[in-house]
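# task: produce atomic coordinates for the following.
(2 chains)
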Amino acid sequence: MPLPQKMSESLLESLTKSGLLDPVIAEEVIADLNASKAIRWSTLFEKQLKLETEGNEADN
Amino acid sequence: MKLTIEAFRGAKRPFTISFDQKNHLSVVYGENGSGKTTISDALQFLYHGTAGSLEEKSLDGKNRIVALVHANCNKGDLLVKWEQGQSTVVGKIDGTKAKRTGSLSGSLHTLSRKNITKLIEETPTKRFERIQEFVTIPALDREEIGIRDFIVQQRQLQENQLRGNQQAELELDSLYREATENQTDPIDQKKRQVWASGTLSVSLATLEGRIKIIDDLNHEITRLRDDFKPLKNAYLSEASAEKSLKEAKELLTKLIANSSEDFASALDTLEHAHSFLEKTETDTCPICDTVSTHSELTEKVSQKLLTLKPLVVQSGLVKEAAEALQKTVSARGALQEGYYAIITKLREAHVAACNSQEWAVPNLVPSVNSPADPEHLTTEWFESLTTEAAELKTLSDFVDKTKRQLLGQQDIQKRLRAILLRIKDIREQQAALIATIAKGEAIASILRSHRIDYANETLLAISDDFANLYQAIHPGEEIEKIRLYLHATQKNAARFDGTLFGNEEMSPVACLSESHLDTLGLCLFLALQKKESPGEAIVYLDDAIASVDEAHMERLYGVLLSEAKHFRHVIITSCYQPLRFKFRWGLLTQAKVNFIELGQWSLTEGINLAKGPTSEVSYLRRYLLERDDAGTIAAKAGVVLERVLDFLTGIYQCRLPRNPGAEQRWTLDHYKGGLQSEKKLMPLLRCEHIVGNDVQSHLLEPLLADIFSRLQFRNALGCHYKEIAGNFNEIAEAVKLGEATLALVNAICDENDELPDRQDGVSWANRGVVSRRLYPLIKPA
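Residues are numbered from 1 along each chain as shown, chains lettered A, B, ... in the order given. Alright, predicted model coming up:
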């Protein structure tokens, strides 16, 4: 059962707010929810951490 | 749609029940134990692969699916078949699981009496479980659980890291104690910090450089000590070789003195002559040209040489001794060079140690400092070195001690660095975990709020429908804006909200009657089902309206009939006798309802449909022909009469007692009283038999009067009042009652003994070849 469109948009906004998740990763979460695909949270956070680290290195 | 079950729960033999698809509502009536729940279980077995009503019961450890098999049948005999249009789906048991062949369309939703109660009266959490499938998005639910599980795992990791950090701190304390021999407890953390900083102030490279300086010094001292003997031995060997040469020369001198003066030149000449003769075959002496034989010449030269042999041997020994001496001199020289190199390196290592200014390095002994080249390393020099050995040991001891200290320092520093590195790693990981957990909790909170919002939006969306349905059944009752909602903070709690009788604080459970709560639950269930793809759903309400009284029955059925069109089909089961009579009376016999009545269940026969007058009448006809037993005829006549009189009192709404007695059934006397009280109706009751243009009219009043006059006989026979019964000719009276009953049946029923079951606007009509019309349609006012 896919998420209602309105809920997808609201979730995306909430998940990316204040840098909680990278937009690319938040999109993945929404896509997985819509496809009823189980999310591997550990992998997801690894990706998020990697992106944050790369971002910090680029800033430095 | 047709359901066939065999060897399944109460159904031993194949039992088929049809649900007319033209109608969206089917009512299955049956007394307790007639098989209503078996039908529900069969559908759940097929649609959900579950044991239906057995799922929530304890079977003392027995497998629920296997428990569905009829008591007298085998597992392999079990069959559930669902036919709809061209498709057939079959359910069997495979091992201990349900196995389905064929694909089912749509869904099945079952609501039992027990579940209605749970829907309303359960705790908010249990109530949520009942409605969860309607108000949640499974993926959202699953991932909320998933992220929370992930957070739990991260917290466990965090705890492990904390334990790891504590362990590292303890190791640091232990190392501090070991390094400083400080046994105070607790340890002064500031002092430990100062110690750690101090320990790490010397870089690893510096420490290794110091160790190398000391190692080099140690190495050269060791070589000075160990390589001493070969050189000393070389001096001894040289002295020995000199002595041997001297002695060999003295002996040779003596031998020469005892021989002729020219022995040396003669010896030389003879040796050359001997060599010449060995190479040639000449017969002439090469020195004096004397002619002789070659062998004689050789013999003479050899004998001459033999006399000079001791001189030759000693001469060789002198030569060998000289060579040996030369070798020992060379060897000693090489060793001197090597040993001098050791001394040079030792001096350099000592200078390096002194220059490092790390230690007060003891001085080198004079014998090490004095030699300027290898030649100075004489035996005398060795003697002086030997006398200084004790002094040299001071330096050696210093080196040993310093090396131990440096290695200890290096070990402590390595261990300290490893522990501090571990602590640093742990702290970094902890920081990452804290950040991850915080994000995880924020995500879980977002998922939860969206889940609750979605559920509440769904519940809000159905709230009007829910309230309207309830109002339709209970009009005018002050229930306003009643709705379910998910509590914002309480975990998965579905609570009721709204105004009941003008009181916002009132709970439905507290102020509504049992039947009101039932209809409330039913309305909630229907409203939720309608929201969830209703067009494909089959809704099975198993005995779900048991507590509804007669006053609300018609309104409830009006609602169900109206709602049924939203679903593929709605099936209601009930054992509620007034319901049966409502249908029998025709008050609820609407064209859009299939009314199915289940007969008496038995272990051998299993579930069966109720037999109408047809089969009972055929029995009566047979008994009348056989005329064997008055009781059998009277009993069967009574059964048929009950059906027909029930029908007549039903459609004409005759007055019958509210409480029909302990068996909850009306007796023939009740029906008789009901009909006889209808003074206006009775004379008008007639049935027309129409064949083409031929119309025959049969008044029912005389037929009924004849029957009523004979009921006393049946009662007497049935009630065992033998003293009264004795006044009758039993078989004759029984036959008369039977024949009177058949006359009534023949008047009303068609050739299949079916009662009229439809209204044609003016009368009740049946479907037989000979059209029969029962008048009037309604009883006169």
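
# mind checking which helix or strand the one residue sitting closest to the centre of chain A is in?
The centre of chain A sits closest to residue A:26, judged by Cα atoms, centre = their mean, with a distance of 1.9 Å. Under the criterion of DSSP states H and E, residue A:26 resides in helix A:23-34.

# ok, residue B:240 next?
Assigned by DSSP H and E, residue B:240 belongs to helix B:228-257.

# what's downstream of that helix, the next helix or strand?
Of the helices and strands lying after helix B:228-257 in sequence (DSSP H and E), the nearest is helix B:263-279.

# give the buried residues for that next one.
Buried residues in helix B:263-279, counted by 16 or more other Cβ atoms under 10 Å in any protein chain shown: B:263, B:267, B:270, B:273, B:277. Any C-beta I mention is one placed from the backbone N, CA and C, and that applies to glycine too.

# how about the nearest residue to residue 26, chain neighbours excluded?
I'll assume chain A. Nearest residue to residue A:26, sequence neighbours excluded (Cβ to Cβ, 6 or more residues apart in numbering or on different chains): residue A:15, at 4.0 Å.

# chain B is the one I meant
residue B:594 (4.1 Å).

# and residue B:50, helix, strand or coil?
coil (DSSP: H, G, I helix; E, B strand; the rest coil).

# burial count for it?
Close neighbours of residue B:50, defined as other Cβ atoms under 10 Å in any protein chain shown, add up to 17.

# for residue B:412, same thing?
For residue B:412, the neighbour count with other Cβ under 10 Å is 17.

# so which strand or helix has the residue of chain B at minimum distance from chain A?
Relative to chain A, the nearest point of chain B is residue B:150 (3.9 Å; Cβ to the nearest Cβ). Secondary structure from DSSP H and E places residue B:150 in helix B:138-180.

# pLDDT on that helix, on average?
Averaged over helix B:138-180, pLDDT sits at 94.

# what's it packed up against?
Using 3 or more Cβ pairs under 8 Å, 6 or more residues apart in numbering or on different chains; DSSP states H and E, the elements in contact with helix B:138-180 are helix A:23-34, helix A:41-59, helix B:189-201, helix B:389-473.

# residue B:103 reaches residue B:87, doesn't it?
Yes: using Cβ atoms under 8 Å, residue B:103 is in contact with residue B:87, at 7.4 Å.

# tell me the helices and strands packed up against whichever strand or helix holds residue B:115.
Per DSSP H and E, residue B:115 falls inside helix B:113-121. Using 3+ Cβ pairs under 8 Å, 6+ apart as the contact test, the elements touching helix B:113-121 are helix B:124-135, helix B:508-511, helix B:514-531.

# as JSON lines, those with distance to residue B:345, mean neighbour count and mean pLDDT would be great.
Below are the helices and strands packed on helix B:113-121 laid out as JSON lines (distance: least, Cβ to Cβ, whole Å; neighbours: other Cβ atoms under 10 Å in any protein chain shown; pLDDT from 0 to 100):
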{"stretch": "helix B:124-135", "distance to residue B:345": "87", "mean neighbour count": "17", "mean pLDDT": "81"}
{"stretch": "helix B:508-511", "distance to residue B:345": "101", "mean neighbour count": "13", "mean pLDDT": "73"}
{"stretch": "helix B:514-531", "distance to residue B:345": "96", "mean neighbour count": "22", "mean pLDDT": "84"}
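
# put together TSV for the ones you listed, with distance to residue B:213 on each row.
Shown next, in TSV, are those (distance: least, Cβ to Cβ, whole Å):
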stretch	distance to residue B:213
helix B:124-135	77
helix B:508-511	91
helix B:514-531	87
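
# now the helix holding residue B:240 against helix B:389-473, angle please.
Between helix B:228-257 and helix B:389-473, the angle comes out at 140 degrees (axes from the mean of the first three to the mean of the last three Cα atoms, to 10 degrees).

# helix or strand right after the least confident helix or strand in chain B by mean pLDDT?
Taking mean pLDDT, DSSP states H and E as the measure, chain B has helix B:722-725 as its least confident helix or strand, at a mean of 48. Scanning forward in sequence from helix B:722-725 by DSSP H and E, the next helix or strand is helix B:730-748.

# partners of whatever helix or strand comes next after that next one in the sheet?
Using DSSP H and E, the helix or strand that follows helix B:730-748 in sequence is strand B:758-759. Note on strand B:758-759: by DSSP bridges, its sheet partners are strand B:764-765 (antiparallel).

# part of a strand, is residue B:772?
Yes: counting by three-state DSSP, residue B:772 is located in a strand.

# what sits against it?
Counting by Cβ atoms under 8 Å, 6 or more residues apart in numbering or on different chains, residue B:772 touches B:687, B:688, B:689, B:690, B:748, B:749, B:750, B:756, B:765, B:766.

# could you find the closest non-adjacent residue to the residue of chain A found nearest chain B?
Chain A approaches chain B most closely through residue A:41 (3.9 Å), counting by Cβ to the nearest Cβ. Of all residues not flanking residue A:41 in the chain, residue B:150 sits nearest, at 3.9 Å (Cβ to Cβ, 6+ apart).

# is it correct that the one you found is in contact with residue A:40?
No: with contact defined as Cβ under 8 Å, residue B:150 does not count as touching residue A:40 (9.1 Å).

# between the two, which one's more packed in?
Set residue B:150 next to residue A:40 and count neighbours by other Cβ under 10 Å: residue B:150 wins out with 22 against 13.

# in a strand, residue B:286, correct?
No: Residue B:286 is assigned coil when assessed by three-state DSSP, not a strand.

# rewinding a little: how near is the residue of chain A closest to chain B to residue B:437?
Here the criterion is Cβ to Cβ, to the nearest Å. By it, residue A:41 lies 12 Å from residue B:437.

# kindly report the same for residue B:674.
77 Å.

# now swap in residue B:301 and tell me
114 Å.

# residue A:24 too?
Distance, residue A:24 to residue B:437, by Cβ to Cβ: 22 Å.

# please apply the same query to residue B:116.
43 Å.

# between the two, point out the one with more neighbours.
Higher neighbour count among residue B:116 and residue B:437: residue B:116, with 26 against 19, using other Cβ under 10 Å.

# list the contacts of the more buried one.
Neighbour list for residue B:116: B:517, B:518, B:521, B:522, B:525, B:544 [criterion: Cβ under 8 Å, 6+ apart].

# could you do residue A:41 as well?
Residues near residue A:41 by Cβ under 8 Å, 6+ apart: B:146, B:147, B:150, B:440.

# quick check: closest non-adjacent residue to residue 31.
With no chain named, the answer covers chain A. residue A:37 (7.8 Å).

# that was the other one, I meant chain B.
residue B:575 is the one closest to residue B:31 (Cβ to Cβ, 6+ apart), at 5.5 Å.

# redo the contacts of residue B:772 as TSV? Include pLDDT.
Listed next are the contacts of residue B:772 as TSV, based on pLDDT from 0 to 100:
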residue	pLDDT
B:687	93
B:688	91
B:689	89
B:690	86
B:748	91
B:749	87
B:750	81
B:756	84
B:765	85
B:766	77
